[in-house]
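# Here is my input, please return the structure:
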Amino acid sequence: MSKNEEKSNKELVLPTEGQVVGIITQLLGFNRVKVKCADGKTRVCRIPGKMIKKVWLKEGDVVLVAPWEFQYDEKGDIIWRYEKNEIKELKERGLLGVLA
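Next up, the predicted model:
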């Protein structure tokens, strides 16, 4: 089994209630990024410790964001980074909203 086949066998992580898909627009430093979310808001999001040095993020990456319960419109946490094949599937399902 090749590496690409293994990736395609993974199940797509979809946004659940309280989560939104977004695109990284700016790297801010100190484990923070600015994300334009599918609900039309721009949030400053944290990169959690479990992702640091394991998942590398750059501008233009599509990510899954969990907005904070307080400061809902301003801040959130990054949960997942989508691969290219996953982004195609998100577009087909219409989950990218205003971002596509």
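# So what pairs up with the residue nearest in space to the middle of the chain in the strands?
Taking C-alpha atoms, centre = their mean, the centroid of the chain lies closest to V63, which sits 1.0 Å from it. Beta-bridge pairing for V63 (DSSP bridges): G22, R81.
# Is it in contact with V20, as I believe?
No: using C-beta atoms under 8 Å, V63 is not in contact with V20, being 9.8 Å away. (Each C-beta comes from the backbone N, C-alpha and C, glycine too.)
# re the thing from before, spit out the contact partners of the residue nearest to the centre of the chain.
Applying C-beta atoms under 8 Å, 6 or more residues apart in numbering to V63 gives the contacts V21, G22, I23, I24, V35, C45, L57, I78, I79, W80, R81, Y82.
# pLDDT score for I24?
If you check I24, the pLDDT there is 96.
# next one: the one 5 residues further on
Model confidence at G29, given as pLDDT, is 90.
# So what's the residue count around it?
Residues lying near G29 (other C-beta atoms under 10 Å) number 7.
# can you give me the helices in the chain?
For the chain, the helices defined by DSSP state H cover 3-9, 84-93.
# Quickly, which of those helices bottoms out on average pLDDT?
Ranked by mean pLDDT, the helices of the chain end with helix 3-9 in last place, scoring a mean of 51.
# one step back: now the contacts of V63 as JSON lines including neighbour count and distance to Q71?
Listed next are these as JSON lines, based on neighbours: other C-beta atoms under 10 Å; distance: C-beta to C-beta, whole Å:
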{"residue": "V21", "neighbour count": "22", "distance to Q71": "19"}
{"residue": "G22", "neighbour count": "29", "distance to Q71": "16"}
{"residue": "I23", "neighbour count": "19", "distance to Q71": "20"}
{"residue": "I24", "neighbour count": "20", "distance to Q71": "19"}
{"residue": "V35", "neighbour count": "26", "distance to Q71": "14"}
{"residue": "C45", "neighbour count": "26", "distance to Q71": "11"}
{"residue": "L57", "neighbour count": "18", "distance to Q71": "21"}
{"residue": "I78", "neighbour count": "24", "distance to Q71": "16"}
{"residue": "I79", "neighbour count": "16", "distance to Q71": "17"}
{"residue": "W80", "neighbour count": "18", "distance to Q71": "21"}
{"residue": "R81", "neighbour count": "18", "distance to Q71": "23"}
{"residue": "Y82", "neighbour count": "19", "distance to Q71": "24"}
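# Many thanks, we can stop here.
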